[in-house]
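Chemist: below is the sequence, then the predicted model.
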Amino acid sequence: SVLELGRTLIGGGGKIPWQVNSSVAFILNLFTPDTWEAFQRNGAEVSGFKLRQRNAAESDVKPGDIFVCYLVRLSRWCGALEVISSVYEDDSPIFSDPDPFVLRFKVRPIVLLKPEAAIPIFEDEVWRTLSSTQSFEPGTSGWTGQFRSSLRRLNKADGEFLLQRLRAQAAKPQEYPFTDRDRRQLARKSTVRGLDREVAVEVPDNADNESKAPSVLRVASEEPDERISITMQARLAEIGAKMEFNVWVPRNDRARVCEHLTVEARRTLIDTLPLNYDDVTLRTIENIDVLWLKRRSIARAFEVEHTTAVYSGILRMADLLALQPNMDIRLHIVAPSDKREKVFREIKRPVFSLLERGPLYEYCTYLPYEAVSAIADTPHLSHMNDSLLEEYAEHAEDAYDPLL
C-alpha cells in the first residue's frame, strides 16, 4: 500500500523522501490539547468535525488521504492519520459530552506524538520550509490565516515534508520543553457546567500581553482609532450594498461613513429600522456599527473593535442575544489581526458563555480587517451571496491557533 511504501522508505533512517500517489491529499486537522488527549484516550480511531464543515468533509476528503494534525494554542505538529472511511455522522461522546464533532472519519494512526514532543511550527527548518510560513517573519500575523479551521488542503510538498519530519520525530524523539506561555495556554482553557451541557470558558490573566505582531494595517493604525473604525464600517456597508442588502449604520456615524461610499451604496442606507421590538432592544440594535437587512429581518450584524479593549462590541452582541434569545442573526466582531487572540479570550469569558440561549461564541464569529478587505475586493461581488463571509469568519469555539 502507499503507507507501507512510506514506512519502508522512512524506516531506513529517513534519508529517502516519503512518496505518495498523486491522488492522495494532505489535509489539516486541528486539535486542542484536550481533544488530542481525548482522541487518543478513545483509541485514536475516529477524527471529528463540526456540522458546518459538512461541505468540505463530503467533497474534499476521501479514504487514503492523510490528516496532518496540529495542536492549537501550542502551535505544534503532533501527528498524521490515514483516512480509512467516508464521512459519517455520529454524536456518541468522544471529544466531550455532548460532542460537537459529529461529522466523523475512521482513521488509522501513522504518527502520534505527545504534546511535549510535538514539533513547533516555529522550529527553524519547519518555518523556512512550509509554504504557509516561509514568507513571514516569526511573530507576524499573516500566516495564522492558514490555520483558521480544519479540513484545509495542504500544499503537497508541505504535507510530504511534515509527514517525513513527524515520522523522524517518532523514531527518535526530541523534547521541546514548554515555555511559560505554553503553560499559560494549557492552563487557561476550562469548562463549566451550563444548564444542559458543559461550555468552554476562558478567564484572561494579568500575564497576557497584546501581540507585538503588526497587523496588515500597521500604517493605518497610526491614524486616529475613530477614523479607522469609520473606514471599516464603510467597507462593510459597501459589501452589503453590493450583495443587495439594505444597510444600517448608527445615525451618529452615517455622515462620516457616507464620505467613503459610492452613490449606489448610499442609496441602500436606511433611516429607520423596520423592526417591531421593545424600546430597549431597538436602542441596542440601533447602536450596532453595521447591520445588513433583508425586508424586515436582520441578516448580519457587525461590530468594529479597533480599540485595545475589544470589549464594547462583544458586550453589545451579548446584550442583543440576552434581550432577544430567539433572534436568528449572524454576528461578527471585526478587528485587526493582532487583536485576534484578545477577541477570542474575551468572547469566551464566563459571562458570555453562560447566556440562556447558549455560549456567545456559537453565534458570533471574528473577521480580521484583511478578510473584510479581501471580500470587498472580490470580483463580481454583486453576483454572490453573503455565505461568502463563512469562508473568512473565524470561530472561537473551533480549534484555532492564537497569534503568537
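Modeler: Noted; the coordinates are in hand.
Chemist: N276 - nearest residue in space that isn't next to it in sequence?
Modeler: Counting by Cβ to Cβ, 6 or more residues apart in numbering, N276 lies nearest to R296, which is 7.9 Å off, once chain neighbours are set aside. The C-beta positions use only the backbone N, C-alpha and C, and glycine is treated the same way.
Chemist: now that that neighbour has come up, it's in contact with P274, right?
Modeler: Yes - using Cβ atoms under 8 Å as the test, R296 is close enough to P274 to be in contact (4.7 Å).
Chemist: neighbours around N276, how many?
Modeler: A total of 8 residues lie near N276 under the criterion other Cβ atoms under 10 Å.
Chemist: just say helix, strand or coil for it.
Modeler: For N276, the secondary-structure state derived from DSSP: H, G, I helix; E, B strand; the rest coil is coil.
Chemist: quick one: it and L331, what's the gap?
Modeler: Spatial separation of N276 from L331 under the definition Cβ to Cβ, to the nearest Å is 20 Å.
Chemist: likewise T365?
Modeler: Taken as Cβ to Cβ, the spacing of T365 relative to L331 amounts to 7 Å.
Chemist: show me the contact partners of the helix or strand where E264 lies.
Modeler: In this assignment (DSSP states H and E), E264 forms part of helix 263-266. With contacts defined as Cβ atoms under 8 Å, 6 or more residues apart in numbering, helix 263-266 is touched by A237, E238, A241, K242, V247, C258.
Chemist: can you name the two of these that sit furthest apart?
Modeler: Farthest pair in the contacts of helix 263-266 (Cβ to Cβ) is K242 and C258. Separation: 16.0 Å.
Chemist: per-residue pLDDT, the nearest residue to I121 once chain neighbours are set aside?
Modeler: The spatially closest residue to I121, leaving aside those adjacent along the chain, is S75, at 4.9 Å (Cβ to Cβ, 6+ apart). According to the prediction, S75 has pLDDT 91.
Chemist: S75: neighbour count?
Modeler: For S75, using other Cβ under 10 Å, the count is 20.
Chemist: what score does C69 have for pLDDT?
Modeler: Listed pLDDT for C69 reads 97.
Chemist: helices of the chain, start to end?
Modeler: Assigned helices in the chain, in chain order: 2-11, 33-41, 54-59, 124-129, 156-171, 180-188, 225-242, 251-258, 263-266, 279-286, 312-323, 340-347, 350-353, 369-376 (criterion: DSSP state H).
Chemist: TSV for those helices, including mean neighbour count, distance to F302 and mean pLDDT?
Modeler: Formatted as TSV, the entries for the helices of the chain read as follows, by neighbours: other Cβ atoms under 10 Å; distance: least, Cβ to Cβ, whole Å; pLDDT from 0 to 100:
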stretch	mean neighbour count	distance to F302	mean pLDDT
helix 2-11	15	46	37
helix 33-41	19	30	94
helix 54-59	14	24	92
helix 124-129	13	34	94
helix 156-171	19	34	96
helix 180-188	14	27	77
helix 225-242	21	5	91
helix 251-258	15	12	93
helix 263-266	13	15	94
helix 279-286	14	12	86
helix 312-323	19	9	85
helix 340-347	24	13	86
helix 350-353	18	17	84
helix 369-376	18	9	93
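Chemist: redo these as CSV? Include distance to G48.
Modeler: Conversion of the helices of the chain to CSV gives the following (distance: least, Cβ to Cβ, whole Å):
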stretch, distance to G48
helix 2-11, 22
helix 33-41, 8
helix 54-59, 10
helix 124-129, 26
helix 156-171, 21
helix 180-188, 22
helix 225-242, 33
helix 251-258, 42
helix 263-266, 42
helix 279-286, 36
helix 312-323, 27
helix 340-347, 21
helix 350-353, 21
helix 369-376, 26
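Chemist: closest to S96 out of those?
Modeler: Ranking the helices of the chain by proximity to S96 (Cβ to Cβ) places helix 33-41 first, at 7.3 Å.
Chemist: and that closest one with helix 180-188, angle?
Modeler: Taking axes from the mean of the first three to the mean of the last three Cα atoms, to 10 degrees, one finds that helix 33-41 is oriented at 70 degrees with respect to helix 180-188.
Chemist: from the middle of its chain, how far away would helix 33-41 be?
Modeler: 20 Å (Cα atoms, centre = their mean, to the nearest Å).
Chemist: what sits up against that helix?
Modeler: Contacts to helix 33-41, defined as Cβ under 8 Å, 6+ apart, come from residues 31, 46-47, 69, 71, 73-74, 78-79, 94-96, 101, 112, 115, 186, 189, 399.
Chemist: quick one on the thing from earlier: ok, which of the helices of the chain comes nearest F105?
Modeler: Smallest distance to F105 across the helices of the chain (Cβ to Cβ): 7.6 Å, for helix 54-59.
Chemist: can you name every helix or strand that the closest one contacts?
Modeler: In terms of contact count using 3 or more Cβ pairs under 8 Å, 6 or more residues apart in numbering; DSSP states H and E, helix 54-59 is assigned the packing partners strand 103-112.
Chemist: just the C-alpha atoms of the strand it packs on, please, in CSV.
Modeler: Below are the C-alpha coordinates for strand 103-112, written out as CSV (Å, rounded to 0.1, in the frame of the first residue of the first chain):
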residue,chain,number,x,y,z
LEU,A,103,-19.0,14.6,11.3
ARG,A,104,-16.5,11.8,11.6
PHE,A,105,-14.0,9.7,9.7
LYS,A,106,-12.4,6.5,10.7
VAL,A,107,-8.7,6.9,10.8
ARG,A,108,-5.5,4.8,11.2
PRO,A,109,-2.6,6.5,13.1
ILE,A,110,0.6,6.9,11.2
VAL,A,111,2.3,9.1,13.8
LEU,A,112,1.1,10.2,17.3
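Chemist: please name the nearest non-neighbouring residue to K106.
Modeler: Of all residues not flanking K106 in the chain, S85 sits nearest, at 3.8 Å (Cβ to Cβ, 6+ apart).
Chemist: okay, now the residue nearest to N276: neighbour count?
Modeler: For R296, the neighbour count with other Cβ under 10 Å is 10.
Chemist: kindly report the same for A396.
Modeler: Burial of A396 is recorded as 24 neighbouring residues (other Cβ under 10 Å).
Chemist: circling back to that earlier point, between the contacts of helix 263-266, which is closest to F122?
Modeler: Closest approach to F122 among the contacts of helix 263-266 (Cβ to Cβ): E238, at 37.6 Å.
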